[in-house]
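Enquirer: next comes the sequence, and after it the predicted model I'd like to discuss.
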Amino acid sequence: MHAVSDVNDWNRQVIEEFRANDGRLSGQFDGAPVLLMHTVGARSGQERVNPMMYLDLDGHRYVFASKAGADTHPDWYHNLVANPAVTVEAGGPAYGAHAAVVTGEERDRVYAEQARRYPGFAEYQEKTGRVIPVVEITSTS
């Protein structure tokens, strides 16, 4: 339970900095593309907000369920699979969006580009036996 509290505290600090600085972050995320994704808890029905890096590629926006290479998917991923209607904050006004898991060759192409731009994502994939999901976020508003 302690680890969950640490993650929640870290997320809360990132979210506060993100909102205070129009989507810009310092430290390890300085200059990185980060958004806040609002999901609805699959079991609780409560809104959850998670900061995550994204990739804009060929007119599409993607996020990655890397969980730093852990062997389980992040909770937010399970939430958006159960309820793909999400809200996104990306430094401007929040917008409604639909989340869809990308698979096969398209998933591999997008993930490879993210790993090329941010080598930590290649390390995450090497650390785990699972295929890290790629999720396309499409604005609905």
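Expert: Right, received. Where do you want to start? Note that this is a predicted model, so its numbers are computed, not measured.
Enquirer: residues near Arg43, how many?
Expert: Neighbour count of Arg43, defined by other C-beta atoms under 10 Å: 9. (C-beta placed from N, C-alpha, C; glycine too.)
Enquirer: so it, which of the three states?
Expert: coil (DSSP: H, G, I helix; E, B strand; the rest coil).
Enquirer: measure it to Ala122 for me?
Expert: For Arg43, the distance to Ala122 equals 33 Å [C-beta to C-beta, to the nearest Å].
Enquirer: and what of Thr128?
Expert: Applying C-beta to C-beta to Thr128 and Ala122 gives a distance of 12 Å.
Enquirer: for Ser139, same thing?
Expert: 29 Å.
Enquirer: okay, the two: which has more neighbours?
Expert: Each of Ser139 and Ala122 has its neighbours counted (other C-beta under 10 Å); Ala122 has more, 15 against 10.
Enquirer: doesn't that one belong to a helix?
Expert: Yes. According to three-state DSSP, Ala122 belongs to a helix.
Enquirer: wait, it sits on Glu113?
Expert: No. Look at Ala122 against Glu113 with C-beta atoms under 8 Å: they stay out of range, at 11.1 Å.
Enquirer: Three-state assignment for the residue positioned nearest the centre of the chain, please.
Expert: Centroid-nearest residue in the chain, with C-alpha atoms, centre = their mean: Met52, separated by 3.6 Å. Three-state assignment for Met52 (three-state DSSP): strand.
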